[in-house]
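Chemist: would you be able to build a 3D model of this:
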Amino acid sequence: MKSLLKTLLFSTIVALVACQAQPRSLAVNADNTELAQMMAEYWEAQLELHPLMANNLGDPRNKDKLTDLSSLGQQRLKRVYDVFTTRLAKIELAQLSPEQQVNYRVFSWILKNERALLDTPWKYYTFDTYSGWHSGFAQEMELSQFSRAQDYRDYIARLAAFAKYGEENIDLMKQGLAAGHAQPCATLDGYLDSIRAYQKPPQQSVFYQPFVNMLASLKKAEKDDLKQRAVAVIEQAVNPTYKRYADFFANRYLPACRQQVGISSVPGGPELYDFFVKYYTSTELDAEQIHTLGLAEVKRIRAEMQNIIDALGFKGSFKAFLQELRGNKKYYPKDKQSYLYYAAYLAKKVDGKLPAFFSYLPRTPYGLKEIPAEIAPKTSTAYYQGGAGDGSRAGFYNLNTFGLDSRPLYELPALTLHEAVPGHHLQISIQNEMKTLPDLRRFYYFHAFGEGWGLYAEYLGEEMGMYPSPYDRFGRLTYEMWRACRLVVDSGMHAKGWRRQQAIDYMANNMALSIHNITTEVDRYITWPGQALAYKVGELKIRELRKYAENKLADKFSLRDFHSQVLTRGAVPLSVLQANIEDWVAGQLE
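Modeler: All right, here's what the predicted structure looks like:
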């Protein structure tokens, strides 16, 4: 019955979109109900249009399908945004309850900015050095769940659909080349390997893994049939698509890559970067303000780093200290296993400290695993992968074990705090579990809020006692400096004409991050403009609001309650976060 209702609901939305119907007039006192219903319908439409997103969240619908990236599919998505924007304009904000006013502001931001993104040339950039459609598909398929034979059949059908999905992505890239849009040549060295890595004999393919240990409840004949079908679809659809992409990338895309690293060098690039600055920070800051803020933060953090160097009694220069950290093997893991064990130890250590700092904790557990070898060389140090929305899959702290001579142990406490707890796992799991929030708000990710919280979690580690040695504290400051440098180099390359090497040198001269990591990170900023700005801008806002609450509430201030106020109301634009905290403080003073 639930599935039928969802189908009927989506049919209503599609009919509405198709005829461009205007929303019915409602009485003012029904605005709260109308907004709640509208957000539910919008979320249903998004899940229907994005099957892989539904798969990621544990939603069972359309398990045999992939997103339609054709021009028709893109127009359908645009119409959904347009219809809901029109409907939302009929709602009177002043007539809504306080909680629904927050929902209104969040929904309005999403509709405006996600719709605007569809009109930019960013659709031509189907990959960056951090991820791509080809690797993203493999990672999403890894999250597929199997509880019956039909799940395997749906999985095989989705693998078959990959051929069309690949053609649509390649077609977008071809359109981009024709319009002057390609990623920079300097960032693409070795990227072809990440495509070819998926071209393996069927039974060695990552896509065959679900058929290695199948459900015990299935009969042997059924298992054998499904395995044969899986081998066939990998041979006939999956591997040919990866080969087609590799050939296109090598023969068409690489020869047409652009020479300048800044996005401002492409048609419409300056306007696109200005949009990304605002989109990823959820503020009205511009590139010049971001750059100035970054320079100030770099100067402040550099002074704190020098204080630690002086306290250690190191007699050389700042540069010499960085060279010591990068070159001395005693700071690096001996092997992959010890690196993973230390990360696990740190994660469990901070787990035990959480109740003293948080009055609300999530139920969803998290695990630790390695980043897949196919993407590890050009992927960041770590990333978090959220659990399923229905609680059927844990979250995961994914750690990069490639090139261990570039993974110093003194950075691992800050990294673990950011990606696991009290960083991304805590924030995302709490948000996902807040059943009082509309589903849209349970799963939408605001970069400045989420990444700002992750960086704030690193800072909070100081109070949690997670940096016992001066080197651990220097590692924490290196990570903060890393995010401050992002403000400078991202805006520098995309708005001020900085060269790639100029950005690498600037970062290398200001922190202890390995040269390999710095280079990987700079390439990420080049191919994903603006996203790196979210971290420091968001963290500074959270720290600013904490200080505001501490000053206003004095003895009434509870850090545990402050953290819960930030997290249990869900991810929001930074202006909404400020309003939320100011309202909470005012309520405490009544």
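
Chemist: going forward, measure contacts and count neighbours with C-alpha atoms only.
Modeler: Noted.

Chemist: which parts of stretch 62-80 are buried?
Modeler: 62-70, 76-80 (16 or more other Cα atoms under 10 Å).

Chemist: no no, stretch 34-54
Modeler: Buried residues in stretch 34-54, defined by neighbour count with 16+ other Cα under 10 Å: 34-35, 38-39, 41-54.

Chemist: could you pull up the mean pLDDT of that stretch?
Modeler: Average pLDDT, stretch 34-54: 96.

Chemist: cool, stretch 331-340 as well?
Modeler: Across stretch 331-340, pLDDT averages out at 96.

Chemist: now do that stretch: distance from first to last residue.
Modeler: 15 Å (Cα to Cα, to the nearest Å).

Chemist: shaky segments in the stretch 251-400 of the chain?
Modeler: Along the stretch 251-400 of the chain, the model assigns pLDDT under 70 to no residue.

Chemist: ok, 90 please
Modeler: Along the stretch 251-400 of the chain, the parts satisfying pLDDT under 90 run over 372-380, 388-392.

Chemist: so which residues of the stretch 251-400 of the chain form helices?
Modeler: 269-281, 287-311, 318-327, 336-351 (DSSP state H, counting those that start in this stretch).

Chemist: now do the stretch 101-250 of the chain
Modeler: 133-142, 149-178, 191-196, 220-233, 239-248.

Chemist: now the ones you listed in JSON lines, with distance to Tyr383 and mean neighbour count?
Modeler: Output for the helices of the stretch 101-250 of the chain, formatted as JSON lines (distance: least, Cα to Cα, whole Å; neighbours: other Cα atoms under 10 Å):
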{"stretch": "helix 133-142", "distance to Tyr383": "13", "mean neighbour count": "16"}
{"stretch": "helix 149-178", "distance to Tyr383": "24", "mean neighbour count": "19"}
{"stretch": "helix 191-196", "distance to Tyr383": "18", "mean neighbour count": "17"}
{"stretch": "helix 220-233", "distance to Tyr383": "30", "mean neighbour count": "16"}
{"stretch": "helix 239-248", "distance to Tyr383": "25", "mean neighbour count": "18"}
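
Chemist: for Lys112, which of the ones you listed is the nearest?
Modeler: With Cα to Cα as the measure, helix 149-178 is the member of these nearest Lys112 (23.4 Å).

Chemist: who are the packing partners of that closest one?
Modeler: Judged by 3 or more Cα pairs under 8 Å, 6 or more residues apart in numbering; DSSP states H and E, helix 149-178 is in contact with helix 220-233, helix 239-248.

Chemist: any idea how far it is from the chain center?
Modeler: Per Cα atoms, centre = their mean, to the nearest Å, the displacement of helix 149-178 from the mean C-alpha position of its chain is 22 Å.

Chemist: try stretch 127-147
Modeler: Put simply, stretch 127-147 sits 13 Å off its chain's centre (Cα atoms, centre = their mean).

Chemist: who's in contact with that stretch?
Modeler: By Cα atoms under 8 Å, 6 or more residues apart in numbering, the list of residues contacting stretch 127-147 from outside reads 52, 55-56, 58, 126, 151-152, 155, 166, 169, 183, 187-188, 191, 194-195, 206-207, 215, 242, 375, 378-380, 520, 523-524, 527-528.

Chemist: start and end of that stretch, how far apart?
Modeler: First-to-last residue span, stretch 127-147, Cα to Cα: 32 Å.

Chemist: what about it, average pLDDT?
Modeler: 93.

Chemist: domain ranges for this protein?
Modeler: 2-119, 133-259, 272-538, 539-589 (automatic domain parsing).

Chemist: mean confidence score for the last one?
Modeler: Right, domain 539-589. 97.

Chemist: circling back to that earlier point, deepest in the core, which of the helices of the stretch 251-400 of the chain is it.
Modeler: Burial of the helices of the stretch 251-400 of the chain is given as mean neighbour count (mean count of other Cα atoms under 10 Å); helix 269-281 ranks first at a mean of 20.

Chemist: show me what that helix is packed up against.
Modeler: Helix 269-281 packs on helix 447-463, helix 470-495, helix 534-553, going by 3+ Cα pairs under 8 Å, 6+ apart.
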